[in-house]
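Colleague: I'd like to go over a predicted model; first the sequence, then the structure.
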Amino acid sequence: MRHSHSAAEPTTRQLLDPVPQEGDNGLFTMSWYPICLSTEVATGQIIGRDFLDGRVIVMRGQDGTAQVMSAYCPHMGADLSVGDMIGDTVRCAYHHWRYERNGACTATASGDPVPRNARLFTFPTTERFGVVWAFNGHEPLFALPDLPYPDSELLMRSEIHPETLNLDPWIICCQVPDNQHHRVVHGMQFTGDPLDDITWGDYSLLYDMNAVKNGQPLSFTMGSIGTTMFLQHGTMDGRWMGFIAGFAMPRPGTCQIYFIAMVRACEGDDQENKKFMDRVMEFEMGTLIEDAPIFNSIHFRPGTPSGSDRALVLYLDFLREYPRGHPAAEYIR
Ligand SMILES: [Fe+2]
C-alpha cells in the first residue's frame, strides 16, 4: 500500500533546544579535566599535552608539586615541553627565557629586561587519584569529589584507556541520569526509578541505585561531577568499591577516559585487594565496551524524550545553563 502523510504524521521535526558543543563560540565547559597520570611527569620534568583547542605543559618542580600552564613561550611560540626544568623554573629551549610556576617570566638569557606581557597562563591545578587535573577557568568553581573514606585508606589504580573516543565528554555524563540506558545497555534491573531522588548540586548530581545486573546485586551511589567526571561507589561482591572516570579533552569533540579504581586497603590482604581491584577494573571496562560503539558514532541531538527521560531532560537543562568560558584562549592556541 502506498504510504502518504496525514495530519497525525508531522512532516517537520520538533527538536529540543540543543546543548552547546565544546568549542562552540570558542567556549568550553568550566570543569576539572584530567591532563596526565601522576606517573607521567617526574620531579624536574616537563611534558606537553593537547587540551581544549590548544596545548599545555605539566611541570613538576623540585618541591614535587605539579602545575599545568600554557605550552607556548610568549616570546616566539616555542613549545615549552621540549624545554628544561632548571630548579623550579621552566626554561624555553629556543632562547632560554625562564618561567616560574606562577607563569611569570623572570629572566631572558640575553640579559634584555623581561617584557611586561611575557607570561604563561596558569591553570588551577590539583593532583589526586593518581591524576593531574586542570580547571578550565581562573579559579575552580568546585572541588574534586570526596569518597566516603579518606584517600589515605584507599588503594587506587589509575589508567588511561588507550582509545580516544569521538564525542564531547559531557555526552558521556548524560548517561548518568539516563534510566533507559542503564536498563537496556547495561542490563541494570531496578524497581521504581532511582532517578526520582537525585541530589542536585550547582555543578553535580548524585543519586543512589540499588540494582541487579546478571543476577548480581549492586548498590551504588552514582554521580556526575562537572562535565568531566563519572563517580560510582558502593558495594559489589560484598565489598566496598569506588570508581571515577575522568574525561580528558585533547581536542573539542574528543574524549580520553581516565579509569580510577579504588578499594579499601583494610578489607583484604595484598592478594585479595589486588584481585578485587582487577575485578573493579574489569567491571568498569565491561561497561565501557557496552557503550563504545554508541559513543563513537553518536550525533547527539536531544529530540523526542519520553516519560522515563524525566531526569535526563532536567540534566539537559543543567548542561545548557552550565558555565562556559575560555580564559586561556589567548595563551594555549
Ligand atoms: Fe552506558
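Modeller: That came in fine, so what should we check first?
Colleague: tally of neighbours for the residue in the stretch 101-250 of the chain positioned nearest to the ion?
Modeller: For the stretch 101-250 of the chain and the ion, the shortest gap (C-beta to the ion) falls at residue 175, measuring 4.3 Å. Bear in mind the C-beta positions are built from the backbone N, C-alpha and C, glycine included. By other C-beta atoms under 10 Å, 20 other residues sit near residue 175.
Colleague: which ones are touching it?
Modeller: 181, 182, 291 (C-beta atoms under 8 Å, 6 or more residues apart in numbering).
Colleague: among those residues, who's most crowded?
Modeller: Of these, with other C-beta under 10 Å as the count, residue 182 tops at 21 neighbours.
Colleague: please identify the helix or strand for it.
Modeller: helix 179-184 (DSSP states H and E).
Colleague: run the chain-centre distance for the helix or strand that that helix is followed by.
Modeller: Sequence order places strand 199-200 as the next helix or strand after helix 179-184, per DSSP H and E. Remark: strand 199-200 is offset 19 Å from the chain centroid, using C-alpha atoms, centre = their mean, to the nearest Å.
Colleague: strand 199-200 pairs with which strands?
Modeller: The strands beside strand 199-200 in its sheet (DSSP bridges) come out as strand 204-213 (antiparallel).
Colleague: list the buried residues in the partner strand.
Modeller: 204, 205, 206, 207, 209, 211, 213 (16 or more other C-beta atoms under 10 Å).
Colleague: could you export these as CSV, including distance to the ion?
Modeller: Formatted as CSV, these follow (distance: C-beta to the ion, whole Å):
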residue, distance to the ion
204, 18
205, 16
206, 18
207, 16
209, 13
211, 13
213, 12
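Colleague: who touches the strand or helix carrying residue 106?
Modeller: Secondary structure from DSSP H and E places residue 106 in strand 105-107. Residues outside strand 105-107 that contact it (C-beta under 8 Å, 6+ apart) are 74, 89, 97, 98, 99, 100, 114, 115, 118, 119, 120.
Colleague: write a PyMOL command that selects only the buried members of those residues.
Modeller: Entered in PyMOL, the line below selects the buried ones among the contacts of strand 105-107, by 16+ other C-beta under 10 Å:
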select buried, resi 74+89+97+98+99+100+118+119+120
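Colleague: the contacts of strand 105-107: which two are farthest apart?
Modeller: 89 and 115 (16.9 Å; C-beta to C-beta).
Colleague: which one is residue 76 nearest to, not counting chain neighbours?
Modeller: The shortest distance from residue 76 to any non-neighbouring residue, by C-beta to C-beta, 6 or more residues apart in numbering, is to residue 94 (6.0 Å).
Colleague: re earlier: now distance to residue 327, secondary structure and pLDDT too, for the contacts of strand 105-107, in TSV please.
Modeller: Listed next are the contacts of strand 105-107 as TSV, based on distance: C-beta to C-beta, whole Å; DSSP: H, G, I helix; E, B strand; the rest coil; pLDDT from 0 to 100:
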residue	distance to residue 327	secondary structure	pLDDT
74	16	coil	97
89	23	strand	96
97	23	coil	98
98	24	strand	98
99	18	strand	98
100	19	coil	97
114	22	coil	97
115	21	coil	96
118	18	coil	96
119	13	strand	97
120	13	coil	98
